[in-house]
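Enquirer: Quick one: sequence plus predicted model below, questions after.
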Amino acid sequence: MDQEAEVIVSSSQASNFIIKVQINEFKFKFQVKDPQQKIQQLRYELIEHLKKLNYNLQDEAYSCYSLADDQEFVLSEDDAVSSLISHNDLVKMVSKVKQEQDQPIQVEQQKEEDPKEAIVILYDISGSMGSTFYNEQGLPRIGAVNAFFSAFADKTLAMEYNHVVSLFWFDSKIEKKCEFIRDMNTFIKLVDDAAPRGGTRLYDSLVEGVNSLIEYKKKHPNTILRMIALTDGEDNESKYKPGEVAALILKNRIILDSFVVSQQSLQLKAITHASGGRCYCPASINDGLKLFEIETILSVRARDINFEEFYSKSVQQCDTDQFINLDRFQSLPFDTEGIQVSYDKQIQQPAADISHIIAKYSKIANNPTQPSSSSTSSTGASINQQGPSQAVLKRIVKELETIQKETDPNFKAKVFPAENDIMNWKVLLIGPEGTTYNYGVFMVYITFPNDYPFKPPRTRFITPIYHPNISSQGHMCLDILKDQWSPALTIQKSLNSFLSLMQDPNPNDALDSTIAAQYLDDINIFKQKCLDHIKQYANKSVDELMVDIMGTSLDVKSEFYVNTHAELKQWINSNKAKF
């Protein structure tokens, strides 16, 4: 068969929807009879057509091929043809065998990435940990610490952070229970046989943790170093002094957070604050567990702190290279809340009209001479250093085009890409009809990774929302944003999943245990609290929303502002329930 042959399939009932099809080196044109049919049906029709042409297909052809776009991003079989393919587009038929061979490579590449944070957990098993945890009869201090340890591991696993963890036990001896690992399921079992015994070498264990992190840093220079101390804060056998330990931690740019189960821990509190960390002394087991639902406790990268600036100032304030006078930290109180995530940078980043963004980035995506890693393109569009490839840009442009054409009334979302960076979007959502969330307008911030769609977009609710599966800092618990993500999925499907999560909360897989308990205990009280929350945070005027969309330097006389303001007002009036 001539590999360059072009064959046009015609039909009296066919529309003018023609696609270009390529399988290996063979190319042909195909007239789609029904652009509203599913991608799966189109695949069947193409295979039948190839059989008629006597093309040498693989055995079990119907299960061996997928349809993909011109960059070989697989198309979702459940979507309509017209939602993913335009007239005259190139569609590739790719072998699923090749996809399966490539998939382990993608996974292996992901595994080889440097961890974002390396964390040493210091777990106190000294004799004093057998004392009662405040007034909770039957609960020893080590029982509370064990609960906090489990909560940390569980929530870190749920958030799927790219972290590695190591564990040290300490009493009169210091024992490394494991090297740095990623497997939280294994990690959580390491304290099953912990029991109080012996004296306490807390400060010496901190030094051991520092030394372990220093060695790890040699192979992973870009990884943030952390220690978390789970202890009652007492020390009676260490050779190192608190001021020495604090200087060593600060010198090596390690952040120490402490969770103490006794107020007799003033020296540890001072060391912790000297390092730029947080020291918590929860008065109940529930207060302690709630702390580990806060993203800025699980990950220091979420904290709105310039650590480089902090270290620069703090090192200058050190009394010597080997000692810090901790007196100035003694009066600082225990911390009671997590550091809140700041969204000022995201809010201030101005958005642009979808049509404008599509036109701007289509030029880049279709220009093979355009370097994707340049900071600013000739069109004025910003692309991150070592940024997305043209294939990724083309994929995102196509998804924007699909969303722009969306007419489903249940798709209650408005998308606003950043003016100079298509990889960042602001999205306004109105909850589904019949739910309490239908009374509010919620902003979600979406960031596409440079290797999208092989990795899912990073998403966060900017508007606070009262929901068991969304944390107080906007993180969502959704499988499709984690292990169930597939390159065949789209951001439109993700947004529909957000709306479905509003429709059907899952209290059994909660990120906020208090809200989940309220949902299960009394749904009517839950709805009232949700409504009160919406009135406070998600009931902004159109003028206020325009500031969130366009940033504080908005031009109220610009055509984009005037048109968007009018469209937004109509959209809200048509979709949002009124109080």
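Expert: Happy to help now that I have it.

Enquirer: neighbouring strands for the strand or helix carrying Ile121, and are they parallel or not?
Expert: Counting by DSSP states H and E, the element that carries Ile121 is strand 117-124. Strand partners for strand 117-124, identified by DSSP bridges, are recorded as strand 163-170 (parallel), strand 224-231 (parallel).

Enquirer: Check which helices and strands whichever helix or strand comes after that strand sits against.
Expert: Where DSSP H and E defines the elements, the next helix or strand beyond strand 117-124 is helix 141-159. Packing partners of helix 141-159 (3 or more CB pairs under 8 Å, 6 or more residues apart in numbering; DSSP states H and E): strand 117-124, strand 163-170, helix 184-187, strand 224-231, helix 285-291, helix 295-298. Any C-beta I mention is one placed from the backbone N, CA and C, and that applies to glycine too.

Enquirer: how close does the closest residue to Leu568 other than its chain neighbours sit to Leu202?
Expert: Leaving aside its chain neighbours, Leu568 sits nearest to Val542 (5.5 Å; criterion: CB to CB, 6 or more residues apart in numbering). Val542 sits 56 Å away from Leu202 when distances are taken as CB to CB, to the nearest Å.

Enquirer: Neighbour count for the two, which is higher?
Expert: Set side by side, Val542 and Leu202 show unequal neighbour counts under other CB atoms under 10 Å, the larger going to Leu202 at 29 against 17.

Enquirer: State the phi and psi torsions of the more buried one.
Expert: Main-chain dihedrals, Leu202, degrees, to the nearest 10: phi -60, psi -50.

Enquirer: tally of neighbours for Met546?
Expert: Count around Met546 with other CB under 10 Å applied: 19.

Enquirer: ok, now the one 10 residues further on?
Expert: Around Val556 there are 11 other residues, counting by other CB under 10 Å.

Enquirer: what does stretch 531-538 rub up against?
Expert: Residues outside stretch 531-538 that contact it (CB atoms under 8 Å, 6 or more residues apart in numbering): 436-437, 439-442, 463-466, 579.

Enquirer: Return the closest of these with respect to Leu478.
Expert: For the contacts of stretch 531-538, the minimum distance to Leu478 (CB to CB) is 13.6 Å, reached by Ile465.

Enquirer: From what I see, the closest one and Met443 are in contact.
Expert: No - counting by CB atoms under 8 Å, no contact exists between Ile465 and Met443, whose distance comes to 10.1 Å.

Enquirer: which intervals of the stretch 301-450 of the chain have sub-threshold pLDDT?
Expert: Applying pLDDT under 70 to the stretch 301-450 of the chain flags the ranges 315-321, 368-386.

Enquirer: all helices in it, in order from the N-terminus.
Expert: Along the stretch 301-450 of the chain, the stretches classed as helices by DSSP state H, counting those that start in this stretch are 307-317, 327-330, 344-348, 354-365, 390-405.

Enquirer: mind saving the C-alpha coords of the shortest one as CSV?
Expert: Provided in CSV are the C-alpha atoms of helix 327-330 (Å, rounded to 0.1, in the frame of the first residue of the first chain):
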residue,chain,number,x,y,z
ASP,A,327,17.4,34.3,76.2
ARG,A,328,15.7,36.5,73.6
PHE,A,329,13.5,33.6,72.5
GLN,A,330,12.4,32.5,76.0
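
Enquirer: got the buried residues for it?
Expert: Residues Phe329 are the ones in helix 327-330 that count as buried (16 or more other CB atoms under 10 Å).

Enquirer: For that helix, which helices and strands make contact with it?
Expert: With contacts defined as 3+ CB pairs under 8 Å, 6+ apart, the secondary structure elements packing on helix 327-330 are helix 266-274.

Enquirer: Distance from the chain centre to the helix it packs on, please.
Expert: Here helix 266-274 is found 31 Å from its chain centre; the criterion is CA atoms, centre = their mean, to the nearest Å.

Enquirer: So what's the residue count around the closest residue to Asn185 other than its chain neighbours?
Expert: For Asn185, ignoring the flanking residues on the chain, the nearest one in space by CB to CB, 6+ apart is Leu157 at 7.1 Å. Residues near Leu157, counting by other CB under 10 Å, number 15.

Enquirer: for the one 3 residues further on, same thing?
Expert: For Glu160, the count of nearby residues is 12 (other CB under 10 Å).

Enquirer: shouldn't it be in contact with Asp479?
Expert: No - with the criterion set as CB under 8 Å, Glu160 and Asp479 do not qualify as a contacting pair; they are 10.5 Å apart.

Enquirer: So in this protein, which strand runs the longest?
Expert: Taking residue count as the measure and DSSP state E as the definition, the longest strand of the chain comes out as strand 421-430.

Enquirer: Next, the angle helix 354-365 makes with that one.
Expert: 150 degrees (axes from the mean of the first three to the mean of the last three CA atoms, to 10 degrees).

Enquirer: Just the CA atoms of strand 421-430, as PDB, please.
Expert: What follows is strand 421-430, C-alpha atoms only, in PDB (Å, rounded to 0.1, in the frame of the first residue of the first chain):
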ATOM      1  CA  ASP A 421       1.300  33.100  31.600                       C
ATOM      2  CA  ILE A 422      -1.100  30.500  30.200                       C
ATOM      3  CA  MET A 423       0.200  28.000  32.800                       C
ATOM      4  CA  ASN A 424      -1.800  29.800  35.500                       C
ATOM      5  CA  TRP A 425      -5.600  30.200  35.600                       C
ATOM      6  CA  LYS A 426      -8.100  31.800  37.900                       C
ATOM      7  CA  VAL A 427     -11.400  30.000  37.800                       C
ATOM      8  CA  LEU A 428     -14.700  31.100  39.300                       C
ATOM      9  CA  LEU A 429     -17.100  28.300  40.300                       C
ATOM     10  CA  ILE A 430     -20.700  28.500  41.400                       C
END
